[in-house]
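A.B. asks: Generate coordinates for the sequence data below:
(chains A and B)
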Number of protein chains: 2
Amino acid sequence: MEQESQMGKQVCLVFAVNGQRFQLSNVDPSMTLLEFLRTQTPFKSVKLGCGEGGCGACTVLVSKYDPLLDQVEDFTASSCLTLVCSINQCSITTSEGLGNSKVGFHPIHKRFSGFHASQCGFCTPGMCMSLFGALVNAEKAARPEPSSGYSKLTVIEAEKAIAGNLCRCTGYRPIADACKSFAADVDMEDLGFNSFWKKGERQEINLSRLPLYNHDQEICTFPAFLKRQVKASMLMDSERCSWYQPSSLEELQSLLKCPDANNGVRMKLVVGNTGMGYYKELEPYDRYIDLRYIPELSTIRRDQNGIETGAAVTISKVIEALREEIKDEFISASKLVFEKIADHMDKVASKFIRNTGSIGGNLVMAQGKHFPSDIATVLLAAGSFVHTITGTMHEKLTLEEFLKRPPLDSKSVLLSVRIPNCESIEEDGKLLFETYRAAPRPLGNALPHLNAAFLAEVSCSKSSSGNVLNSCQLAFGAFGTKHAIRAKKVEEFLTGKLLTTAVLYGATKLLKATVLPEDGTPNPAYRSSLAVGFLFDFLGQLVDSNPNGWLNGNGGLSMFEDAKSKEKHDNLDHVKFPTLLSSSKQVIQLNKDYLPIGEPITKSGSALQASGEAVYVDDIPSPGNCLYGAFIYSTKPFARVKGIKFNSKSLPVGVTSLISFKDIPKGGQNIGSIFVFGPEPLFAEELTQYAGEPIAFVLADTQKHADIAAKLAVVDYDLENLEPPILTVEEALERSSLFEIPPMLYPKQVGDLSKGMAEADHKILSAEIKLGSQYYFYMENQTALALPDEDNCMVVYSSSQCPENAQVAIAKCLGVPEHNVRVLTRRVGGGFGGKAMKAMPVATACALAAHKLQRPVRIYMNRKTDMVIAGGRHPMKITYSVGFKSNGKITALHLDILINAGITLDCSPLMPKAIVGT
Amino acid sequence: MEQESQMGKQVCLVFAVNGQRFQLSNVDPSMTLLEFLRTQTPFKSVKLGCGEGGCGACTVLVSKYDPLLDQVEDFTASSCLTLVCSINQCSITTSEGLGNSKVGFHPIHKRFSGFHASQCGFCTPGMCMSLFGALVNAEKAARPEPSSGYSKLTVIEAEKAIAGNLCRCTGYRPIADACKSFAADVDMEDLGFNSFWKKGERQEINLSRLPLYNHDQEICTFPAFLKRQVKASMLMDSERCSWYQPSSLEELQSLLKCPDANNGVRMKLVVGNTGMGYYKELEPYDRYIDLRYIPELSTIRRDQNGIETGAAVTISKVIEALREEIKDEFISASKLVFEKIADHMDKVASKFIRNTGSIGGNLVMAQGKHFPSDIATVLLAAGSFVHTITGTMHEKLTLEEFLKRPPLDSKSVLLSVRIPNCESIEEDGKLLFETYRAAPRPLGNALPHLNAAFLAEVSCSKSSSGNVLNSCQLAFGAFGTKHAIRAKKVEEFLTGKLLTTAVLYGATKLLKATVLPEDGTPNPAYRSSLAVGFLFDFLGQLVDSNPNGWLNGNGGLSMFEDAKSKEKHDNLDHVKFPTLLSSSKQVIQLNKDYLPIGEPITKSGSALQASGEAVYVDDIPSPGNCLYGAFIYSTKPFARVKGIKFNSKSLPVGVTSLISFKDIPKGGQNIGSIFVFGPEPLFAEELTQYAGEPIAFVLADTQKHADIAAKLAVVDYDLENLEPPILTVEEALERSSLFEIPPMLYPKQVGDLSKGMAEADHKILSAEIKLGSQYYFYMENQTALALPDEDNCMVVYSSSQCPENAQVAIAKCLGVPEHNVRVLTRRVGGGFGGKAMKAMPVATACALAAHKLQRPVRIYMNRKTDMVIAGGRHPMKITYSVGFKSNGKITALHLDILINAGITLDCSPLMPKAIVGT
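C.D. replies: The predicted structure follows:
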């Protein structure tokens, strides 16, 4: 009540969501589209998963109208990163906008349902939007009219549409089937088990049974009223706004050099705001400057020297432009380079991120913040240039120079990037270009462990058989270095040399000394050896062979073909994979004796899940006066907690209270969860028991404010006279710090171990396996909503696999009878065990705060904190002895399972001691 | 989303509620304290009953701090009328602030509970606050210290404390007992049946069993932090506010003459805002001018000529001042007059209204708006004067002149009222003064049917035995006239006359022609004859008797005594009643055979009801995005509805939609309720069936906006070619418009009617009784909250006696299966049958709107609209024939019960046809 928003400066926006007009003033410019949709509209189909543009659960279709061309551009975007100010005059479509239970579901919803493509349903609306975005754009393409009931989409596009949308329950096969069912070139027989038809029917009959798609009568993605409005006013009035939309370089410069900028006024240059997926912002900026309306920054120019793209051009648009270049018949080395760059860029994040994130933003982050950029590495190898401006001073630099400079200051702006045409210098020289990345997911949407790109000119040796490397540009990045680098020493070593095994050996040796991850980078040896592997892969084929062998005739394409054939032995993603699934078989034998068991019955409510109308806990509208909570975790595994302060001048914005074990009422106990292993405390008391243990629960007026406050919390620890924490099973054994094993888990001897071992022909007498911890990775983060009721009663909505245990835990914590506590579970957006025990302390903390403050309290954890509280299954160490008979059958097995007390804040709050069992 | 508040101008308020600091900016100056407390704080003990200061359910304690005297003034007030802007720098205490389930209940709560003084509980928190206000002020009085466990309160004060607080379930006996248990002079034996002790114990033992009251350790009604703040800043900064607090006449005048005032800027002069209880305001004013800080308006001056009170002085303070005057030993005629005026003013509204309503406000309403004021009549008879100011022009008028003038214009202000000392003119003259009122409730808190006050000087006739009326001032008011009048002709007729029966007869004849209610006033003959009765009562005792007989010796007091003795034959309230209950007996015989049946067991949850923590439907916090509904009723009993418009330039503020029978979804039916008589429609369709029938349901962002919008709705009717409506049972019979009688209600013949009549000694062959309709008059108005859930499900909270019927009605209306509808009932704040059938359409309308709009929809009806939809039991006409045997036993009875179709908008939607039974 007391504080006024420190952010809400006057901004007036007009846009449409699902055809409905919204006009906003007083917008916090740091508000994301997701936040807006979920808190201020009924459209809750946009789900918050990772909050980083990495899972696709929040995907929406953004449509922009160009009044001059009278054209609508439609593209998908992550609403969790897109700032609501940046969608002024746009139209947003969410899954509810495609159709819903009131006006009828869209065929996308119906087919997702009928193909069994929605299980927990949390990812489904985002999937539907990705598919819809692909459909809308395919229908606009100049392609032949599809047969009735089909769209212009191709099977390959349909499969690609959902790349980047994560699903954790269903598996992608049924999802891909639902998508492919719209494709003009689909073979219905290839689609999997579904509730529409039985295998063996004719294609037409199958089609007739599918919910009808009529490609002529599609959803209007841009309502007429908004077109009129856009025509009337091209840009919003940004005066007295904290969101600026300069439409010329001059305007931009005057904004940047205004005196405020020197007075600690924090400015942020924005295009798609996708950087926030990686760089979390604790405080909103004072000013946001939207760069998308400055011609110099938003156009792509092609000339004889190469392609120059404005820094604010989205990655998708750059890819499009590069692909446009290689369309014509004429083949050149540049085309090859452009194609490889485009292919590599296609693996950067996901489609919905590339659709809004800019190339310049990527490079500026790579330069100033050491973002592990693929684009920087690839463009570095291609010898790219950048154009910057500071005041009136224009500067053109090589990308290499740019990367080496100190971060751009607040007055400087990256204007454009030039990717030059590449031509051989020597007459008989042939240009080779290849890009590489090793990442957790080969097809993209994951930051690389290391990336590389190599440009080389080779010619046949005139003196001997073999190839001479005339010149090369070897770029490496993202391996735990400040920015992408050129391996200059290796380049120099190689230049002019005949490529032999010895030379290659020398180069890799040199490279090992060049690609050196900085201290603290995980797995440095792995990364260095990856670099060697990539270089070996690139040059190995040139050793002792004739480059003309594959560059001849069709000017390089043969190498490309050749590279394709290498796929089988290489699961690194620098090679072209087959375009995802293209055909498969699914044979299910139904036993009809127990019908309808085994029948393909559509999951009840799955269409509602697809349209986003299904109500998960966080979709329940907030009651008035609701508070939002966030946990403050211990960063020390074993320490005395002396106090908690906030790392800010005053109490963080919106914060109302801080709850700790001291707030547990008389008669209550410090219990957060109850499970087979017994109760676990809700909060650390005087001593923390492990890093990641919740110490307190901070309450604020919005989830964002609570999350920020939790991050600003500084815990004052005291380690005096405390023993060092036990961090490994071995230490726990040594110091006899052991858990009781619950009787139900006592190990039982099965068979006769000595006899089995004696009989065994082959014996592995001892071996050791260590398993790290795992995050359960449900799509819906931990969440709860506690509503205090009269007479010490409490209603708690918990996304829980064990509401019955939560009820007991909450009652014990509050010190009230169990019948005073009602725990309700709605749909659970994925559980995998993580919504069993780990959902409980979340619900209990909300209930405790609601009980104390007598206000509704809710939480929707963000992915990072979710990973702390529910990091999941304990890492363990297994020692085993096995005796084999010669036929391979195990005749004796002895297992020691040690559950580790290992503590890392990255993963989970782990057991403070160690369970040792036999 | 699209509209900005048209009211929220910058006002900054600081105040405390239950010790908690609140600082508000952007306050809508028309917001009441109740609205604020219920929507923006957790303190929901303040209940909205009548919304007119007439029921006391919203009573709070207001505490003001005088930093100069370092004194806190505590008084009760109706939060439903008090504007939140007017409590700046005040401290508010609600029942939760006395105590609660968390910190422990206050003895008031515990004793209300133990004396069985809370049944539905809706009125209880207000009752507790009224008692607490009396306690706090008694404790401040200079009285001897009470015995331990008692307060300084007297039994009489304890009883009076709750005057004005209505209870509809419990009856006042247990409530009065709970209050009296705190009194220093209580006889515990007089207190009724309770759960603390059994009859027959000693007073000390009883006391020891009562929840302990410690008069030294009372609630702090004004927190220290606010005292500091008040000392620091005496007045709020009213610049750029729409709430002004001028502190001098000059400031006030400059506000009034500012040019805006001529430009349609609507200004309102405010003291306690209690006038809003009678004069509902459709639109907020542009400016509110708080008159309480202007010395000339807020002080009481006493001089030899009389008492002059500032117009902004509260009625309670005027009463106090008048009583102060009569304290000393010396007896004068003026004292008698002052005392009578004070006694009469004590019957104006309720304590909590008199505590904030001003004397000037009352007179200005009487003058300008024809408010049926008691004060105007009484002061008119006392020959009072007023002082007004217009610009710099001061004017002193008699009250009579003032009342006759046209309404004060917007530049003029009533400054003060002077009540003159009254002295006889003739040497032997004796002054008589008496006041009268006839009203639905004799002890006050009800507008009078007629009031009167008479001042007369009489002396013994010098020529004959008897009394001569030297002069008189006869004032009458509130009888359906523009303002209080002097009966000048009667005065002239009487003046100088010897009072004889003939003279009295002549005077009353003249009076009948003077007190003539205007056309349209209900029961005009009754009112005229009341006037005659009052005059007769006043003068009758003087006819043929010696005035010295009762004025002699103790200068008037004997008349006073004499008047008291008349009480027995007069239930009009111009006489002093015994000070409420003072003792009674309650003997309950317990049959112990079925213990604990019959034991005085405290109602479960009654302490929660008293502390206001009990959650009624409207206490459930509003979900985000909630809409509020209000019904639009037909004003024509039988008419075609052509359309609905709003009587405002644009859509009324906050309105989002209008729901009518056309919005009932396909598959649903126009059903609002289902009862033994079958289903009843939710809305009128093409034709209205009765006046008061709901035609539509308007939805807005707040309940206030919805209510205003419903009032602004204008229905376009068409009566062409329609028969006149049937308005009486007789017409219904004549036109054969009859209901089917449900078989369960078929009349059954009991006994042999002809035989009985034949045997009867005495026969009443036929008689007719007509009963009007009744309003059920529960304290909690009709209310519901509908929450749409996924998949066409609906959760409806309804304050209902028949949730099972509501479930069926809602399901049928929405066209969904019954299992899709959950109807929940919380505590019902009084039902009396009115929450059975009549709660249903309220719940159904909310559910229909929530279903259509997919947003939560709630309603809390105001008393006036509640009386339309739930006006209640049908008027009926009973014709009966009875035969008596001579011992009075009925031997035969014949009844015709006709339930009327009579239509009045004042009462209820009645049956459109007529049920005729035998």
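A.B. asks: So what does the closest residue to chain B within the stretch 101-250 of chain A have for phi and psi?
C.D. replies: In the stretch 101-250 of chain A, the residue that lies nearest chain B is residue A:101 (6.6 Å; C-beta to the nearest C-beta). All C-beta spots, glycine's among them, are computed from the backbone N, C-alpha and C. Main-chain torsions, residue A:101, degrees, to the nearest 10: phi -70, psi -20.
A.B. asks: Now for it: which residues touch it?
C.D. replies: Contact partners of residue A:101, counting by C-beta atoms under 8 Å, 6 or more residues apart in numbering or on different chains, are A:607, A:608, A:611, A:613, B:790, B:791, B:792.
A.B. asks: for the stretch 601-750 of chain A, what spans make up the helices?
C.D. replies: When secondary structure is read from DSSP state H, counting those that start in this stretch, the stretch 601-750 of chain A shows helices at A:606-611, A:703-712, A:729-734.
A.B. asks: can you tell if the first one touches chain B?
C.D. replies: I take that to be helix A:606-611. Yes: applying C-beta under 8 Å from any C-beta of the partner chain, one finds helix A:606-611 touching chain B at residue A:608.
A.B. asks: sorry, back to before: what's the pLDDT at the residue of the stretch 101-250 of chain A closest to chain B?
C.D. replies: As summarised for this prediction, residue A:101 has a pLDDT of 90.
A.B. asks: Could you do residue A:27 as well?
C.D. replies: In the predicted model, residue A:27 carries a pLDDT score of 83.
A.B. asks: wait, isn't it in contact with residue A:13?
C.D. replies: Yes: at 6.0 Å, residue A:27 counts as touching residue A:13 under the criterion of C-beta atoms under 8 Å.
A.B. asks: thinking again about what came up before, quickly note the distance from the residue of the stretch 101-250 of chain A closest to chain B to residue B:793.
C.D. replies: Distance of residue A:101 to residue B:793, given as C-beta to C-beta, to the nearest Å: 11 Å.
A.B. asks: Just give the nearest non-adjacent residue to the residue in the stretch 651-800 of chain A positioned nearest to chain B, would you?
C.D. replies: Nearest to chain B, among the residues of the stretch 651-800 of chain A, is residue A:790, at 4.6 Å (C-beta to the nearest C-beta). Among residues not flanking residue A:790 along the chain, residue B:615 sits closest, at 4.6 Å (C-beta to C-beta, 6 or more residues apart in numbering or on different chains).
A.B. asks: and chain A, which residues reach chain B?
C.D. replies: The interface of chain A toward chain B, taken as C-beta under 8 Å from any C-beta, is made up of A:1-2, A:4, A:21-25, A:39-40, A:42, A:101-102, A:605, A:608, A:613-615, A:620-626, A:789-792, A:854-856.
A.B. asks: Just the buried ones from these?
C.D. replies: Under a neighbour-count criterion of 16 or more other C-beta atoms under 10 Å in any protein chain shown, the subset of the residues of chain A next to chain B counted as buried comprises A:22, A:24, A:39-40, A:42, A:101, A:605, A:608, A:613-615, A:620-626, A:789-790, A:792, A:854-856.
A.B. asks: hmm, back to that, could you dump the helices of the stretch 601-750 of chain A into JSON lines and include distance to residue A:843 and mean pLDDT?
C.D. replies: Written out in JSON lines, the entries for the helices of the stretch 601-750 of chain A read as follows (distance: least, C-beta to C-beta, whole Å; pLDDT from 0 to 100):
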{"stretch": "helix A:606-611", "distance to residue A:843": "23", "mean pLDDT": "96"}
{"stretch": "helix A:703-712", "distance to residue A:843": "16", "mean pLDDT": "94"}
{"stretch": "helix A:729-734", "distance to residue A:843": "30", "mean pLDDT": "81"}
